[in-house]
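Asker: My questions are about this predicted structure, shown below with the sequence.
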Amino acid sequence: MIDHQAMESAYAAVKSAFPGAAPKIALVLGSGWSEVAAAFDKLGEISYSDIPGLGATGVVGHAGRLLRGKLSGIETFVFQGRRHYYEGVGWDAVAIPTAISKMAGCKALFLTNAAGGTVPEWRPGDLMVIRDHINMMGVTPLLGAHDPFWGPRFPDQSRVYDRGLQALLEKAGAAAGVALRAGVYLAGTGPTYETPAEIRAWRALGADAVGMSTVPEAMIGNAAGLRVLGLSCITNMASGILDQPLTHQEVTETTQRAMANMKKLIVQFFAELAAANIL
Ligand code: HPA
């Protein structure tokens, strides 16, 4: 259940911080991705703590700022950091970036995250285009009274992730010399990492990468008519694949190592997006 009034109040704060903003796309930078924001020319900035209902994120590696930026001539809302369902504050904070993006006129929502890889041949630092997802959270933000803002009562999910944007991202990877994996992202609630038995089960169900985010935003973004794109940094091998414990430190260290590739890919993607002129 997402409180519509909370979305309106959040958007009002952003609108007054960024007068005349006309973003075409929103980019959500997840765990360890924040530094990618430096690639954008900055037109404005607002702290999450100044956006009602969004509030400060307490997670290390999540900056908690919304930038109004421009890259390759494309005006973009760059969300540095995200709120998670595991924080236990409900869905408003998770959904507000997507709501703001839609209200501001964005046509596309580009979601990034850190994820554990379940494919033994993959390596930490690999980047994965999200083809589809599995919701293992056991809940969704759309439970409750129907809000037409989020599309029909029963949103179609046969193509959550936009094929044209995936193709552009893969074109960008080839042009920038950044190899890309592709696969299915599965979200659990967290905040625990998985047990080895869960990973074996989820791998059998079709998960190539597992994490604690992205699925709710992709779900509501798609329902609201945004073209959704998802990109995971495989920061670690999922539980039980290697004989070692999982830590958030490994997650942030891997994104640091992969940062040059992450930045190169995003910059090239925006160049491809500008050339394709599809938003
Ligand atoms: N599991 C869940 N979430 C994650 C992981 C993981 O292995 N790595 C980064 N986020």
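Answerer: Ah, there it is. Bear in mind the structure is a predicted one, so any value in this text is a computation, not a measurement. Residues are numbered from 1 along each chain as shown.
Asker: Quick one: name the residues of the stretch 101-250 of the chain near the ligand.
Answerer: 114-116, 193-194, 210-212, 235-236, 238, 246 (C-beta under 6 Å from any ligand atom). Quick note: C-beta positions are derived from backbone N, CA and C, even for glycine.
Asker: redo that, cut-off 8 Å
Answerer: Counting by C-beta under 8 Å from any ligand atom, the positions of the stretch 101-250 of the chain adjacent to the ligand are 113-117, 188, 190, 193-194, 210-212, 235-239, 246, 248.
Asker: quick one: the residue in the stretch 51-200 of the chain that the ligand sits nearest to from residue 40, how far?
Answerer: At 2.1 Å from the ligand, residue 116 is the closest residue in the stretch 51-200 of the chain, using C-beta to the nearest ligand atom. Look at residue 116 and residue 40: by C-beta to C-beta, to the nearest Å, they are 28 Å apart.
Asker: Give me the more crowded residue out of the two.
Answerer: When residue 116 is set against residue 40 and neighbours are counted by other C-beta atoms under 10 Å, the residue ahead is residue 116, at 26 against 21.
Asker: Okay, and the beta partners of the more buried one?
Answerer: Beta bridges link residue 116 to residue 210, residue 236, judged by DSSP bridges.
Asker: and it, what does it touch?
Answerer: 193-194, 199, 209-211, 234-239, 246 (C-beta atoms under 8 Å, 6 or more residues apart in numbering).
Asker: So for it, what's the pLDDT?
Answerer: With respect to pLDDT, residue 116 scores 97.
Asker: Which residue is the nearest non-sequential neighbour of residue 246?
Answerer: Spatially, and ignoring its direct neighbours in sequence, residue 246 is nearest to residue 193 (4.4 Å; C-beta to C-beta, 6 or more residues apart in numbering).
Asker: shouldn't the one you found be in contact with residue 239?
Answerer: Yes. Counting by C-beta atoms under 8 Å, residue 193 touches residue 239, with 5.6 Å between them.
Asker: Show the residue spans covered by the strands in the stretch 1-150 of the chain.
Answerer: Along the stretch 1-150 of the chain, the segments classed as strands by DSSP state E, counting those that start in this stretch run 25-29, 41-47, 65-71, 74-80, 108-117, 127-135.
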